[in-house]
Structure formats: C-alpha cells, structure tokens
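Novice: I'd like to go over a predicted model; first the sequence, then the structure.
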Amino acid sequence: MVGKGLLIVVSGPSGAGKGTICRELLKNNPQIKISTSATTRKPRAGEKDGVNYYFITEERFQHMMSEHEFLEYAVVYDNYYGTPKQYVIDNLHNGNDILLEIDIVGALQIKKKFKDAVFVFILPPTLKELKNRIVSRGTESISDIEKRYDAAISEIKQIMKYDYAIINDSISGAVRDIEAIVRAEKCRVVRNYEEILSRF
Ligand code: 5GP
C-alpha cells in the first residue's frame, strides 16, 4: 500500500448509478477524495471542465500517455479516459482515501499496480431498469444507448474480478454499503499491523 490512504475503485455499467452514489458518499465522508479523470469525450450539458472531467483533446491525451502521466487509461465507448497519476499518489501518501470511478479495463490495470486497493462493482436492480435509466438520462444518442447497454451485459459477466458487489436498489442503501466496505477494509489486520505492533 502507498501511504495510509485506501484506494477504492468503483466500476459498473453506465446507468447503474455510480456517479450519484459516489457524489453522496463524498458528501458524508470528507476524508475520501475523488480523482478527476481526463477524457477526450465532449462535455454533456451542465458538465464542467475540471469538475466532472478534464476535457482534453486527443493530442493532449496522447501526450500525457507518452509522458506516463496516467495511472491507468482505457478507451471506453470510442473515447479515451484516464486517471492522472500525481493527484492519486499524493493523496494516498497524505493518508487520504481516494475513489476512482473507472471502467473495468482501467480497474484491472490498477489491480496490477496496487495490490491492496479495494474493488467495488455497482449493479442496477435489473437490466430493464438499467436501460430505462440510460434512456431517461437523455444525454446519449440511440446508437450510444445500444453500445452502453451491450457493454453492460459483458461487464457484468466479469464481476468475479471485483471484491464487492452492490445492487443499487436505493441510493442511500448503496452508499451505506460502500461506507461499510470502507470501514471493514480499514480494520483489516494487514492494514494495521505496524500500528498494532507499535502499541502492544
Ligand atoms: P461517461 O462517459 O458516462 O462519463 O463514462 C463512461 C465510462 O468511462 C464509465 O464507465 C466510467 O466509469 C469510465 N471512466 C471514467 N473515467 C475513467 C478513467 O479515468 N479511466 C477509465 N478506465 N474509465 C473511466
């Protein structure tokens, strides 16, 4: 583990409610910081640069890749997405917990680099509900909706690569579940061994 902070990786299909759950989690838990990803996707209405994402050009993304500035990156639904490295490393060193909301390809890259990160997969209540949520968000074209729905099915098949699954029947329930996971992970003996030895 780098420093004392916990690295929490959250994935799940588009429309599963990851974004809402993560926002609620951060509201109640100020020691958890979210990493803002860089993407070549165009901003949706209401999205702000530096808040939702760093919206950058493909050239800039390629440059950051070649300078090894990403902890992980992936192409998701035809756009590049990546986690800038420095913010994550600095916060973990300072003892802050870091939340990454990233896709499964990126999550597997993190798993190789951070053996004690914790991997959480958020599921929608049903596939029908998932489709309703993507459609009613109204931000994607018909072909994008189909792409995201098909991707959801193949992502869910890979859930065994994660440590925890949360079914998003209710936002508040899902947030309580993540909070419980974080608390339990922090009590793991391996994470506390040095502290225990120093006291007893
Ligand atoms: P959206 O376009 O809906 O904001 O995000 C599309 C997908 O990209 C989501 O599954 C989201 O988790 C993933 N994503 C967002 N940021 C990153 C990132 O930095 N790295 C990777 N690998 N995936 C990301």
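Specialist: Cool, the structure landed.
Novice: Need the per-residue pLDDT for the residue in the chain that the ligand sits nearest to.
Specialist: Going by C-beta to the nearest ligand atom, the ligand is nearest to Gly106 of the chain, at 2.4 Å. Every C-beta, even on glycine, is put in place using the N, C-alpha and C of the backbone. The model reports Gly106 with a pLDDT of 98.
Novice: let's number from 36 now, not from 1
Specialist: Happy to do that; since the first residue is 36 now, the last one works out to Gly141.
Novice: and it, what element?
Specialist: Using DSSP states H and E, Gly141 falls within helix 139-148.
Novice: how about the nearest residue to Leu158, chain neighbours excluded?
Specialist: Once flanking residues are discounted, Leu158 sits nearest to Ile202: 4.9 Å by C-beta to C-beta, 6 or more residues apart in numbering.
Novice: swap that for Gly40, sorry
Specialist: In space, Gly40 is closest to Leu127, 4.1 Å off (C-beta to C-beta, 6+ apart).
Novice: how many other residues sit next to the one you found?
Specialist: 21 (other C-beta atoms under 10 Å).
Novice: what about it, which helix or strand?
Specialist: With DSSP H and E as the test, Leu127 turns up in helix 120-128.
Novice: hmm, back to that, I'd say the residue nearest to Leu158 and Pro160 touch.
Specialist: Yes - assessed by C-beta atoms under 8 Å, Ile202 is found in contact with Pro160 at 6.3 Å.
Novice: give the contact list for Ile188.
Specialist: Leu162 (C-beta atoms under 8 Å, 6 or more residues apart in numbering).
Novice: three-state assignment of it?
Specialist: helix (DSSP: H, G, I helix; E, B strand; the rest coil).
Novice: The helix or strand following the helix holding Leu127 and the ligand in contact?
Specialist: Later in the chain than helix 120-128, the nearest helix or strand by DSSP H and E is strand 132-136. Yes - for strand 132-136, a contact with the ligand is found by C-beta under 6 Å from any ligand atom, at Glu136.
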